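K.L.:
predicted model and sequence follow; I will ask about them next.
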Amino acid sequence: MPKINGNEIKAGFVLEHDAGLWAAVKVNIVKPGKGGAFAQVELKNLRDGRKLNERFRSEDKVERVTLENKDQQFLYEVDGMLVFMDNETFEQIELPADLLGDRRPFLQDGMMATVEYYGDEALSMRLPQKVKCRIVETEPVQKGQTAANSFKPAILDNGVRIMIPPFIAVDEEIIVHTELMEYSERA
């Protein structure tokens, strides 16, 4: 694994620090009037989700870790474990459902997800940025109401509550942004 200087850390880098794997969430380069510059880095532990603020001087050396991304197809869920298939080797693997956190309801049968591995250990999972969902419950459409900065609550077919524009009705399909968990557009 390559070592990098403390001032070369960028947001999104994965570092091996304090016997753990940490993702750099925010990086702020500070140049005080006296002394050398340093990087104030907000880190998030990839295994347990803890957060840490750390200061790295330019002469500090840290290990940069490269994670392997694999696209895998979701098959089914059993006892809190998600079963995925590697499309290259057709090998099936089980991953804990809590890797997705609150985005779990957006995972659909047959969907492709990107799983990040460190060796054989799965650390995180990314869903497609946008998914199609159906509205199952919302307030009725009101005539004459425009879409300008007004939203109403709705429940999707996967049970998630989001805010949608007033012109969307029950049984309509919409596109939902999975990272932000909000309405994107009509399907």
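P.N.:
Cool, the structure landed. Numbers count the residues shown, from 1 in each chain.
K.L.:
quick one: contacts for R104?
P.N.:
A97 (CB atoms under 8 Å, 6 or more residues apart in numbering). Bear in mind the C-beta positions are built from the backbone N, C-alpha and C, glycine included.
K.L.:
okay, the helix or strand bottoming out on mean pLDDT in the chain in PDB with CA atoms only?
P.N.:
Here the helix or strand of the chain ranked lowest by mean pLDDT, DSSP states H and E is strand 121-126, holding a mean of 86. In PDB, the C-alpha atoms belonging to strand 121-126 read as follows (Å, rounded to 0.1, in the frame of the first residue of the first chain):
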ATOM      1  CA  GLU A 121     -14.200  -8.200   3.500                       C
ATOM      2  CA  ALA A 122     -17.100  -6.200   2.200                       C
ATOM      3  CA  LEU A 123     -17.000  -2.700   3.700                       C
ATOM      4  CA  SER A 124     -19.800  -0.800   1.900                       C
ATOM      5  CA  MET A 125     -22.400  -1.000  -0.900                       C
ATOM      6  CA  ARG A 126     -23.700   1.500  -3.400                       C
END
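K.L.:
who does it pair up with?
P.N.:
Within its sheet, strand 121-126 is paired with strand 112-118 (antiparallel), according to DSSP bridges.
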